[in-house]
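let's see this in three dimensions:
(chains A, B, C and D)
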Number of protein chains: 2
Amino acid sequence: MSPKVGIAPVRRRQIVDATIRCLARDGYSHLTMNKVARRARVSQGILHYYFADKHAILVAAMQRVMEDLERRVVQEARGIHDPRRRLRALIHACLSVATEAREFWVVFVEFWGEMMHDRALMEINADLYTRERRLIGRIVTRGVRSGLFRRVRPEQAGGIILALVDGLSLQLTFDSKAFSLAEASRFCEEAIFRYLAKK
Amino acid sequence: MSPKVGIAPVRRRQIVDATIRCLARDGYSHLTMNKVARRARVSQGILHYYFADKHAILVAAMQRVMEDLERRVVQEARGIHDPRRRLRALIHACLSVATEAREFWVVFVEFWGEMMHDRALMEINADLYTRERRLIGRIVTRGVRSGLFRRVRPEQAGGIILALVDGLSLQLTFDSKAFSLAEASRFCEEAIFRYLAKK
DNA sequence: CAAACATAATTGGTCAACCAATCAAGAAAA
DNA sequence: TTTTCTTGATTGGTTGACCAATTATGTTTG
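Modelled structure (predicted):
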């Protein structure tokens, strides 16, 4: 009645993974269905069996990239209770994505460019950032309650920290001579802790 | 001996402008020579008369976007002598690009995605950012000498401030419900002045 | 001054390559 | 056998690039 049970999600993942690898390798403007099919080791036809069209594949790819990035960040800061150390871990996790998980970061940045002309992609991204701001906001709130940080709006602090991390990641990526990951980490921590310092 | 002298730069500019408007309107992945030609009100053939290929047009377009952005920022902070006010003006200039000169900002972000796979574009961008870091660095140095700011590495401060501005511009662009330009300006100034504050 | 000339600028059409999407037909699992 | 999966060839359409022919604009010369 239902042959090859459970193959659908496997195939979908296979296709999305191949898409991400293609994007990382050749960029958005050189992405073709043929390349994706070859990299996923399936026929062209099957792409349209599992996805309505190219755009649907891109939406799924962006979803996976965002998901992966979020998991990476959440996981890195988990298990640490001291807000200062937790923030430090989170900053390091975010920044090291740009250098160590370059593939993912490249695709992430590429999506920013496309988002501007694609409501569906824009919303996926906006949701991620709202969650991230809140996540960071909660860490900061804890620090305020513990008397470590000055009183500050959690969402605002989240926005600032996220902005700083994104901006430094960008410079780290496309201008590698400017400063190293270690330096960027130090700068970032210093700026953030001064921002959060009590007087 | 040389008919229509001086028309070449005019045409080139015409073509590059049309390219930028196309990018702002439809995005990188939908950019075609035909669209550019139509928007520039010239024939398709002439594009290849003035530029070797599509890539050459894109390089010229990126150069113009970067140039324009830099001019805008430099101009805004000129004539102000107090380092604090100057920094404030610069921050506002950068952030308002994302909202008021949305077209330019959109194209700017689109180029980030393509840069990753294009050495020529990457270098144009790296040069701009080096100059911007130094520009900001000089303002900060002045503030240090005047005793307004704590002692800090100029290039590092430039990197931090630029990162914060870029990151906030991004959130401002693709998540307009998060905060307004005015709020972003305040957050940014607060964070930076706390970062530069003595003790 | 004007006719002949030289070269730059511009056009519109052509073309091979490539693209996303479709489909008929068959393979594989239940 | 029936249903789901999978293939690979095909389709109609688009793309960037190229080019021969034409036009516009100066220069030179008689």
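
got any ranges where chain A has weak pLDDT?
For chain A, the stretches flagged by pLDDT under 70 are A:1-5.

can you list the domain ranges for it.
Per automatic domain parsing, the domain ranges recorded for chain A read A:1-51, A:62-196.

reformat the ones you listed as CSV; add mean neighbour count and distance to B:A101.
The way it works is simple: take the backbone N, C-alpha and C, and place the C-beta from them, glycine included. Shown next, in CSV, are the domains of chain A (neighbours: other CB atoms under 10 Å in any protein chain shown; distance: least, CB to CB, whole Å):
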stretch, mean neighbour count, distance to B:A101
domain A:1-51, 15, 23
domain A:62-196, 19, 14
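
possible to save these as TSV with distance to B:L95?
Below are these laid out as TSV (distance: least, CB to CB, whole Å):
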stretch	distance to B:L95
domain A:1-51	26
domain A:62-196	11
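
for DNA strand D, which of the ones you listed is the nearest?
Among the domains of chain A, domain A:1-51 comes nearest to DNA strand D, with 2.1 Å by CB to the nearest atom of the strand.

now check the closest one, is it near chain B?
Yes. Counting by CB under 8 Å from any CB of the partner chain, chain B has neighbours in domain A:1-51: A:26-30.

ok, now which ones touch the residue nearest the centre of chain A?
In chain A, the centroid-proximal residue (CA atoms, centre = their mean) is A:L69; its distance is 3.6 Å. A:L69 is in contact with A:97, A:104, A:108, A:128, counting by CB atoms under 8 Å, 6 or more residues apart in numbering or on different chains.

element containing it, please.
helix A:54-77 (DSSP states H and E).

can I assume A:E155 is in contact with A:R133?
Yes. Using CB atoms under 8 Å, A:E155 is in contact with A:R133, at 5.4 Å.

find residues that contact each of the two.
B:A178.

is the lengthiest helix in chain A positioned near chain B?
Longest helix in chain A by number of residues (criterion: DSSP state H): helix A:119-145. Yes. Helix A:119-145 comes into contact with chain B (CB under 8 Å from any CB), by way of A:122, A:125-126, A:129-130, A:133.

B:I20: which of these is nearest?
B:I20 has its nearest neighbour among the residues of helix A:119-145 next to chain B in A:M122, at 21.3 Å by CB to CB.

name the nearest residue to the closest one, sequence neighbours excluded.
A:M115 (4.7 Å; CB to CB, 6 or more residues apart in numbering or on different chains).

give me every residue that touches that neighbour.
A:121-122, A:125, B:174.

so which of the contacts of A:L69 belong to helices?
Those of the contacts of A:L69 lying in helices (DSSP H): A:97, A:104, A:108, A:128.

so which of these comes closest to A:R12?
Nearest member of the ones in helices among the contacts of A:L69 to A:R12, counting by CB to CB, is A:F104, at 18.6 Å.

relative to A:F111, how far out is that closest one?
A:F104 sits 11 Å away from A:F111 when distances are taken as CB to CB, to the nearest Å.

same thing with A:L128?
From A:L128 to A:F111 the distance is 11 Å (CB to CB).

can you check A:S176 too?
Distance from A:S176 to A:F111, by CB to CB: 22 Å.

distance of A:Y129 from B:Q75?
Counting by CB to CB, the gap from A:Y129 to B:Q75 is 31 Å.

brain fart, A:L69
A:L69 sits 37 Å away from B:Q75 when distances are taken as CB to CB.

A:E123 too?
Applying CB to CB to A:E123 and B:Q75 gives a distance of 36 Å.

same question for A:A101.
Taken as CB to CB, the span from A:A101 to B:Q75 is 39 Å.

same question, A:F187
Taking CB to CB as the measure, A:F187 falls 28 Å from B:Q75.

between A:F104 and A:F111, what contacts are shared?
Shared contacts of A:F104 and A:F111, counting by CB under 8 Å, 6+ apart, come down to A:V65.

hmm, back to that, what helices or strands is the longest helix of chain A leaning on?
helix A:54-77, helix A:83-100, helix A:102-115, helix A:154-174, helix B:154-174 (3 or more CB pairs under 8 Å, 6 or more residues apart in numbering or on different chains; DSSP states H and E).

out of those helices, nearest to A:T19?
When the helices and strands packed on helix A:119-145 are compared by CB to CB, helix A:54-77 sits nearest A:T19, at 4.5 Å.

is the closest one anywhere near DNA strand D?
No. On the criterion CB under 7 Å from any atom of the strand, helix A:54-77 is out of touch with DNA strand D, staying 12.3 Å away.

which SSE is the closest residue to A:I160 other than its chain neighbours in?
Counting by CB to CB, 6+ apart, the nearest residue to A:I160 once its immediate chain neighbours are dropped is B:A191, at 5.1 Å. Assigned by DSSP H and E, B:A191 belongs to helix B:181-196.

how far does that helix sit from the chain's center?
20 Å (CA atoms, centre = their mean, to the nearest Å).

now swap in stretch A:141-154 and tell me
How far stretch A:141-154 lies from its chain's middle: 26 Å, per CA atoms, centre = their mean.
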